[in-house]
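below are the sequence and a predicted model for it; my questions follow.
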Amino acid sequence: MKLTLPPLIDNGNSVPLSVSVESPMSEADHVKAIHVLTEKNPLPDVVGVVLGPRAGRASFATRVRLADTQTVTAIAQMSDGSFWSDAAEVVVTLSACLEEGLI
């Protein structure tokens, strides 16, 4: 499993992020879901993706908002009931998600 995002971000309002999991994506062995969590955002569950064997590959890319310098964690739920994870530390110089009235 690989979580990829820049180690240093000037603006936390739009942070590129990608997650990929090496899996055959067969009926017997596939990724069921991938969740990305943050430790300092007001809403820590940033994104969740549900997958199945017909997805072909277990990967996605998106942009997220990060409130502050923090660790971002990705967790993959496998079809055999196991969970895989990867984490990355991100330094954010201009924070996002902290404006009044958004939550």
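Yep, that arrived.

leaving aside the residues next to it on the chain, what's closest to residue 41?
residue 67 (4.7 Å; C-beta to C-beta, 6 or more residues apart in numbering). Any C-beta I mention is one placed from the backbone N, CA and C, and that applies to glycine too.

hmm, that neighbour is touching residue 44, no?
No. Between residue 67 and residue 44 there is no contact under C-beta atoms under 8 Å: 9.8 Å.

so between these two, which is more surrounded?
Set side by side, residue 67 and residue 44 show more neighbours around residue 67, with 18 against 13, by other C-beta atoms under 10 Å.

now do that one, the pLDDT please.
Residue 67 carries a pLDDT value of 91.

quick one: it from residue 38, how far?
Residue 67 sits at a distance of 7 Å from residue 38 (criterion: C-beta to C-beta, to the nearest Å).

quick one: the residue positioned nearest the centre of the chain from residue 45, how far?
For the chain, residue 36 is the residue whose C-alpha lies nearest the centre (C-alpha atoms, centre = their mean; 3.0 Å). Distance of residue 36 to residue 45, given as C-beta to C-beta: 8 Å.

same check, this time on residue 94
Taking C-beta to C-beta as the measure, residue 94 falls 23 Å from residue 45.

do the same with residue 12
17 Å.

the chain: helices as residue ranges?
Ranges of helices within the chain: none, based on DSSP state H.

output the below-cut-off pLDDT ranges for it.
97-103 (pLDDT under 70).

so what's residue 32 up against?
For residue 32, the contact set (C-beta atoms under 8 Å, 6 or more residues apart in numbering) comprises 50, 51, 52, 77, 78, 79.
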